[in-house]
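*Asks:* Pasting the sequence and the predicted coordinates here, then a few questions.
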Amino acid sequence: MIQDILRAIIQRIFRDKILMGLVIIGVLAVFMTGKDGTTEHGKKLDAGEEELNMANAPGAPGQNGGQNGSQNQSQKQGQNQNQAKNQDQSLASKKQPLSPGHAADFVTWWIGNAFQYEPGEASKAHEEAFGWMTEEARRAFEVEFWNEGMAQGIERGDVVAAFHPYAVQAHAVNPDGSVVVIMSATMVTQLRGGQEVNKNLHTDFLVTQNQEGHLRIAAVYNHPEPQVPAYQAPPMYQQAVRQRAVY
């Protein structure tokens, strides 16, 4: 009985092509499905999800790569900053040395304020000039040309002074690059109701240049004015006078 039923079913399947195709597909599906009930496509999907989970896990190679990338970027930025600093230092080291002509021009410009003796302008002009000097040079300058009595006398009008430079020239270049500039000038001062006092000035100014290229007066030395000795007659003239007196 059962055999007759199976025979009838098989004959029906072979006669009906659609039904036979469905049976074949079902058989193939059984063989393609593994023992765990998953297909090859499902395995590929599971493998892709697993790789994605591993990539997102803490300490995964991808995340370490990102951290390393950030560190590399920070290192590159630090290297760029160091390169910029090195370039600035190289530019500073390659700055043009102070030339004698430049130093002389600087002193010529600077004395316009340093030897300003007009009432109402002298104090401000001297402060501007002092801004281009070292402290040591300023003290030396004040002793020679702008002491307290001179400053107060000019401001009150008790002292009149006139300054006339006639030569400013570079004299020597030192091994450290500083330049000695000599100024020659005449200076006339007069107290109220007094006589004029004329002085010939011969002053040395030491000009230096810092790393930024700015110039400064680093030292001031005023040569004392030579004293004219009292006139003495030549010995032969004195002897002739004595002989004439005898005769």
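*Replies:* Good, I have the coordinates. Numbering: from 1, shown residues only.
*Asks:* For the rest of this, base every contact and every neighbour count on C-alpha atoms.
*Replies:* Fine.
*Asks:* next helix or strand past the helix or strand containing T108?
*Replies:* Counting by DSSP states H and E, the element that carries T108 is helix 100-114. Downstream of helix 100-114, the next assigned helix or strand under DSSP H and E is helix 122-130.
*Asks:* helix, strand or coil for D176?
*Replies:* Following DSSP: H, G, I helix; E, B strand; the rest coil, we place D176 in the coil state.
*Asks:* Name the helix or strand for D4, please.
*Replies:* Per DSSP H and E: helix 2-15 holds D4.
*Asks:* Report how many residues lie close to the nearest residue to F106 once chain neighbours are set aside.
*Replies:* Distances taken as CA to CA, 6 or more residues apart in numbering put L215 closest to F106, at 7.8 Å, once the chain neighbours are dropped. The local packing of L215 (other CA atoms under 10 Å) involves 19 other residues.
*Asks:* Show me where this protein has its helices.
*Replies:* Counting by DSSP state H, the chain has helices at residues 2-15, 17-32, 40-56, 61-93, 100-114, 122-130, 135-145, 148-156, 235-246.
*Asks:* among those, which gets the worst mean confidence?
*Replies:* Mean pLDDT per stretch puts helix 235-246 lowest among those, at a mean of 42.
*Asks:* any idea how far the closest residue to V188 other than its chain neighbours lies from T108?
*Replies:* Spatial nearest neighbour of V188, excluding adjacent residues (CA to CA, 6+ apart): N198 at 4.6 Å. Distance of N198 to T108, given as CA to CA, to the nearest Å: 21 Å.
*Asks:* who has more neighbours, those two?
*Replies:* The neighbour comparison of N198 against T108 (other CA under 10 Å) goes to T108, with 17 against 13.
*Asks:* okay but the more buried one is in contact with A170, surely?
*Replies:* No. Counting by CA atoms under 8 Å, T108 sits too far from A170 to count as a contact (10.8 Å).
*Asks:* thinking V220 is in contact with F141, fair?
*Replies:* Yes. Counting by CA under 8 Å, V220 does reach F141; the two are 6.3 Å apart.
*Asks:* Quick check: the residue nearest to F106 touching W132?
*Replies:* Yes. In this structure L215 lies within contact range of W132 using CA under 8 Å: 7.4 Å.
*Asks:* tell me the contacts of Q195?
*Replies:* Residues counted as contacts of Q195 (CA atoms under 8 Å, 6 or more residues apart in numbering): none.
*Asks:* Going by neighbour count, list what's buried in stretch 168-183.
*Replies:* Residues of stretch 168-183 classed as buried: V168, Q169, A170, V173, S178, V179, V180, V181, I182, M183 (neighbour count, 16 or more other CA atoms under 10 Å).
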